[in-house]
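Trainee: Next input, structure requested:
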Amino acid sequence: MEIISHAAEQYAKVHSSPTNELLQEIHDFTLQHHAEPHMLSGPVQGKMLSLISRMIKPKRILEIGTFTGYSTLCLVEGLPSDGILHTIELRETDAATAQRFFDRSPFKNKIKLHLGDAHQILQEIDEDWELVFVDAEKTGYIKYFDTLIEKVKPGTFLIFDNVFFHGEVLNEKIKGKSGNAIAAFNDHIKNSNKIDHVMLTVRDGISIMQKK
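Mentor: Residues are numbered from 1 along each chain as shown. The predicted model follows:
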């Protein structure tokens, strides 16, 4: 189900700042060679992530779900000279693809890629996150939120992607497990008194929240 008008998305893309050559290469590579190219953040959402990161200027960024590295290279743009971004990817092939692109980026020394189960890896990393972006398995969203909201300091921003899940959450009866998981997650954060948040109609839906 297409939620956002394709014409509106294209208009927004044309009227947003263009991406750099490396991001364009990741975009084209993913569309041409990946079996699930729809998982790519893309130029409009990517530019939004970049601007959010540059506004916050976080020293520590956490990304859960690297995919082919597009969103990583958008988020890293806001880091100061001593900043680090940790990104976690479950799938070895995607991690290897992302690392090849990272190695060609001027930000390569600011990116630390972890391969494996994010739920486990989160227990092993001791950092004061200031910005978190989650775009991983949807059935894990509530657990990610509950874990992270206890770890991060007040003021930390968290961003969760795909909160429309291809429009499934708008259906009266949701069939798929991921769609049901996202609907449950959306209700979970709606009822949380630990955050201020907004759900935006960008691409497949994105929720931005700040810990109180």
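Trainee: following the lowest-mean-pLDDT helix or strand in the chain, which helix or strand shows up next?
Mentor: Ranked by mean pLDDT, DSSP states H and E, the weakest helix or strand in the chain is helix 6-14, scoring a mean of 91. With elements assigned by DSSP states H and E, the helix or strand that comes after helix 6-14 is helix 21-33.
Trainee: that older thread, which residues does the least confident helix or strand of the chain contact?
Mentor: Under the contact criterion C-beta atoms under 8 Å, 6 or more residues apart in numbering, helix 6-14 has outside partners 43-44, 203. (Glycine included, C-beta is placed from N, CA and C.)
Trainee: cool, and stretch 199-210?
Mentor: So stretch 199-210 is contacted by 3-4, 9, 41-42, 44-45, 48, 52, 155-166, 169, 186, 189, 195-198 (C-beta under 8 Å, 6+ apart).
Trainee: that older thread, using JSON lines, lay out the contacts of helix 6-14 together with distance to residue 69, pLDDT and secondary structure.
Mentor: As requested, the contacts of helix 6-14 are exported to JSON lines (distance: C-beta to C-beta, whole Å; pLDDT from 0 to 100; DSSP: H, G, I helix; E, B strand; the rest coil):
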{"residue": "43", "distance to residue 69": "14", "pLDDT": "93", "secondary structure": "helix"}
{"residue": "44", "distance to residue 69": "18", "pLDDT": "94", "secondary structure": "helix"}
{"residue": "203", "distance to residue 69": "18", "pLDDT": "89", "secondary structure": "coil"}
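Trainee: Tabulate those (a markdown table), appending distance to residue 113 and neighbour count.
Mentor: Conversion of the contacts of helix 6-14 to a markdown table gives the following (distance: C-beta to C-beta, whole Å; neighbours: other C-beta atoms under 10 Å):
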| residue | distance to residue 113 | neighbour count |
| --- | --- | --- |
| 43 | 22 | 21 |
| 44 | 25 | 21 |
| 203 | 24 | 21 |
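Trainee: Residue 64: which of these is nearest?
Mentor: residue 203 (17.7 Å; C-beta to C-beta).
Trainee: ok, so what distance separates the closest one from residue 148?
Mentor: The gap separating residue 203 from residue 148 is 22 Å, by C-beta to C-beta, to the nearest Å.
Trainee: coming back round to it: from the contacts of stretch 199-210, which land in helices?
Mentor: 9, 42, 44-45, 48, 52, 186, 189 (DSSP state H).
Trainee: so where do the strands sit in this protein?
Mentor: Assigned by DSSP state E, the strands in the chain fall at 60-64, 84-89, 111-115, 131-134, 157-161, 195-200, 206-211.
Trainee: Go through these and name the closest to residue 180.
Mentor: The nearest among these, by C-beta to C-beta, is strand 157-161 at 15.9 Å.
Trainee: quick one: buried residues of that closest one?
Mentor: 157-161 (16 or more other C-beta atoms under 10 Å).
Trainee: How about stretch 117-137?
Mentor: Neighbour counts using 16+ other C-beta under 10 Å place 118-119, 121-122, 129-137 of stretch 117-137 among the buried residues.
Trainee: Need the pLDDT of the nearest residue to residue 37 once chain neighbours are set aside.
Mentor: In space, residue 37 comes closest to residue 31 once its chain neighbours are excluded; the distance is 4.7 Å by C-beta to C-beta, 6 or more residues apart in numbering. We have a pLDDT of 94 for residue 31.
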